[in-house]
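**Q** Got a sequence here, can you build the structure:
(chains A and B)
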Number of protein chains: 2
Amino acid sequence: MLQLYFSPMACSLASRITLMEAGLDARYHLVHLLTKKRIEDDADFRIISAKGAVPVLILENGERLTESAAVLQYIADLKPETGLAPPPGHVDRYRLQEWLSFVGTEIHKAFLFPTFWYKDDGSLAKPRARIAQTLSVPATHLADRKFLVGDCFTVADAHLTWALLLLRPAGVDIAQWPSLSAYLERMQARPTVKEAIATEIALRKTVAATPA
Amino acid sequence: MLQLYFSPMACSLASRITLMEAGLDARYHLVHLLTKKRIEDDADFRIISAKGAVPVLILENGERLTESAAVLQYIADLKPETGLAPPPGHVDRYRLQEWLSFVGTEIHKAFLFPTFWYKDDGSLAKPRARIAQTLSVPATHLADRKFLVGDCFTVADAHLTWALLLLRPAGVDIAQWPSLSAYLERMQARPTVKEAIATEIALRKTVAATPA
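**A** The predicted model follows:
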């Protein structure tokens, strides 16, 4: 069985949504990102992955795969019939990779990461000044589309949905971009997304109750 | 013919190296990243790509593809016999995607980007404090490997080579990681890498001579 290391509402949420969309059972390991401990047994998470970051997917053969862009495509390709990723070689597969990269670099690492990990204003002013230009890209793209790539839900949507969910706690009101608001509402109406969020919000209490 | 929008020694260098490794002719368009102008005719680069970032690859059918992770895989797949990307479906393809994501998010967006674009010390302290942990990941991986993925040069190597080249101007001495130094030396000995760097260093003067 696949195993997913995750932290509640971290970017590993997209992997959870994808596993659920693919109908794949998995064992989920909760990680405390500050202490780098696996909460179930207090084991050192850095032994699982030196990066100390989620998601980590443990494959059936025991290999460990990291980085959302890779983990999401791996899971999607286990169930090609779901359309969670366009088939390799199709131009839409590169569009999928383009969006996975954009969410991972421009929204996550250039904005959300400094916002949540760097507490001083000096570090935050520049990323904050840049986020509107960044968000205008998916907002324009989604003005006349239901999904990021092609005409069905893909792992790129799972990734962007996670990122958009974190904008509010990061102090950005996406109501400024009606197409993004409407998209996020549609995505949150999906049963998998709804259930994944409910599960992880509930698990936040477990993390909060664990001494750092 | 493919067309590549690039800026000298920006991350689009990896796309140039990959086009050369693949033996593909392309038309190259030099972009001034500060003015967002195409230098050959002063055209507005934001019309080509609203992101205003390189690389942008213009495909044979006129479509525009952005984001290094997508552009590099697209070029590699045009010449599968080169081994620049492992075949889709092979586990090494996900390893390739894992490294492309790591270089794009952790080295580029979390370190190089703030270092070169944010000029105040406040924005730089945190990214700088984090880079040693980041670089220890490829350093450990390359301690007993010649290439990032499998046993030949892939687009992940093109991407990492670019990132490592920029560490010195970013104030990080990679001599602290002998495996990274040795790797960068090996990569720089490749004819394509050598020629790509020489070409772009020379073109820097063109950008410098263009009024901002």
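**Q** What is the longest helix of chain A by residue count?
**A** Identified as the longest helix of chain A according to DSSP state H is helix A:121-141.
**Q** Just the CA trace of that helix, in CSV.
**A** What follows is helix A:121-141, C-alpha atoms only, in CSV (Å, rounded to 0.1, in the frame of the first residue of the first chain):
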residue,chain,number,x,y,z
ASP,A,121,8.2,42.3,8.0
GLY,A,122,11.4,42.9,6.1
SER,A,123,11.2,39.4,4.5
LEU,A,124,7.5,39.8,3.7
ALA,A,125,7.2,43.1,1.9
LYS,A,126,8.6,42.1,-1.4
PRO,A,127,6.8,38.7,-1.8
ARG,A,128,3.6,40.5,-0.8
ALA,A,129,4.2,43.2,-3.4
ARG,A,130,4.4,40.6,-6.1
ILE,A,131,1.5,38.3,-5.4
ALA,A,132,-1.2,40.2,-7.3
GLN,A,133,0.8,40.0,-10.6
THR,A,134,1.3,36.3,-9.9
LEU,A,135,-2.4,35.6,-9.3
SER,A,136,-3.5,37.5,-12.3
VAL,A,137,-2.0,34.6,-14.4
PRO,A,138,-4.4,31.8,-13.3
ALA,A,139,-7.2,34.4,-12.9
THR,A,140,-7.0,35.3,-16.6
HIS,A,141,-6.6,31.6,-17.6
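**Q** distance of residue A:103 from residue B:111?
**A** 19 Å (Cβ to Cβ, to the nearest Å). In short, each C-beta sits where N, CA and C put it, glycine included.
**Q** okay, the two: which has more neighbours?
**A** Using other Cβ atoms under 10 Å in any protein chain shown, the more surrounded residue of residue A:103 and residue B:111 is residue A:103, with 28 against 24.
**Q** which one is that one nearest to, not counting chain neighbours?
**A** Excluding the flanking residues, the one nearest residue A:103 by Cβ to Cβ, 6 or more residues apart in numbering or on different chains is residue A:159, at 4.6 Å.
**Q** rewinding a little: run the chain-centre distance for the following helix or strand past the longest helix of chain A.
**A** Note on helix A:121-141: by DSSP states H and E, the next helix or strand toward the C-terminus is helix A:155-167. Computed by Cα atoms, centre = their mean, to the nearest Å, the separation of helix A:155-167 from the middle of its chain amounts to 6 Å.
**Q** so how far is the lengthiest strand in chain A from its chain's centroid?
**A** Of all segments of type strand in chain A, defined using DSSP state E, the longest is strand A:26-32. Averaging C-alpha positions (Cα atoms, centre = their mean) puts strand A:26-32 15 Å from its chain's average.
**Q** Likewise for stretch A:14-23?
**A** Counting by Cα atoms, centre = their mean, stretch A:14-23 comes out at 11 Å from the chain centroid.
**Q** Looking from chain B, tell me which residue of chain A is nearest.
**A** Residue nearest to chain B within chain A (Cβ to the nearest Cβ): residue A:122, separated by 2.1 Å.
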